[in-house]
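Asker: Have a look at this prediction, sequence included:
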Amino acid sequence: MTSLSALLAEYERALRYTDELANDLEADEISWRPDEESSSIGWHLCHQPAVAHFMLRNLTAAEPRLDPALEALADSATPERDRGNVADIAFVRDFRRTVAAKVRTRIELIDAGDVGAPTQMRSIGSVLLTALINHEYQHDRWIGEVRHDALGHHLPELPSSPHLTNLDGYLVITS
């Protein structure tokens, strides 16, 4: 099993790549949807941390939701036509940073053994981080497709790590 600290570094790498894909885009590009049955880049940017926080708080931390309305919008069970416009991009970026900080803090507590059932939590933390990393890259692929194919922007270089591999065109971590 890959150590939690190594997985946390991979999580940070995935988040940085997402930032590279989105930080130079204009607000209208982030909210652009080709039709009502498609999700904007902004939706993906909200969905990634909404899922991360849902998993974190339900599997390890039992903490309350951060923004129930945003989380409902960012739920993949919400039909695409109802996903509409996301909050302004500064709010979305802040939401992403807040969730990432919560993930970091919780995983560091688990890694230090400063939780109940530390061995069991270490196992859950490893699976959780692997899922969060793979989910981040899954949506990065889709963000990249819109960025490149629809908006005409170049794609940044894919992240590189001995822990990453490409399956069916998607970066995934194997732990």
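Answerer: Perfect, thanks for sending it.
Asker: Return the helix or strand in this structure with minimum mean pLDDT.
Answerer: In the chain, no helix or strand scores lower on mean pLDDT, DSSP states H and E than helix 68-73, which sits at a mean of 89.
Asker: Mind giving me the packing neighbours of it?
Answerer: For helix 68-73, the packing partners by 3 or more CB pairs under 8 Å, 6 or more residues apart in numbering; DSSP states H and E come out as helix 41-56. (Each C-beta comes from the backbone N, C-alpha and C, glycine too.)
Asker: residues of the helix it packs on that come out buried?
Answerer: Buried residues in helix 41-56, counted by 16 or more other CB atoms under 10 Å: 41-53, 55-56.
Asker: on that earlier part again, now the following helix or strand past the least confident helix or strand of the chain: buried residues?
Answerer: Next along the chain after helix 68-73, taking DSSP states H and E as the criterion, comes helix 89-111. Using 16+ other CB under 10 Å as the test for burial, helix 89-111 gives 89, 92, 95-96, 99-100, 102-103, 106-107, 109-111.
Asker: Which residues outside helix 89-111 are in contact with it?
Answerer: With contact meaning CB atoms under 8 Å, 6 or more residues apart in numbering, helix 89-111 is reached by 3-5, 7-8, 11-12, 15, 18, 27, 30, 42, 45-46, 48-50, 52-53, 56, 60-61, 63, 66-67, 70, 86-87, 115, 118, 121-122, 124-125, 129, 132.
Asker: hmm, try it at 7 Å
Answerer: Contacts to helix 89-111, defined as CB atoms under 7 Å, 6 or more residues apart in numbering, come from residues 4-5, 8, 11, 15, 27, 30, 42, 45-46, 49, 52-53, 56, 60-61, 66-67, 70, 86, 115, 121-122, 125, 129, 132.
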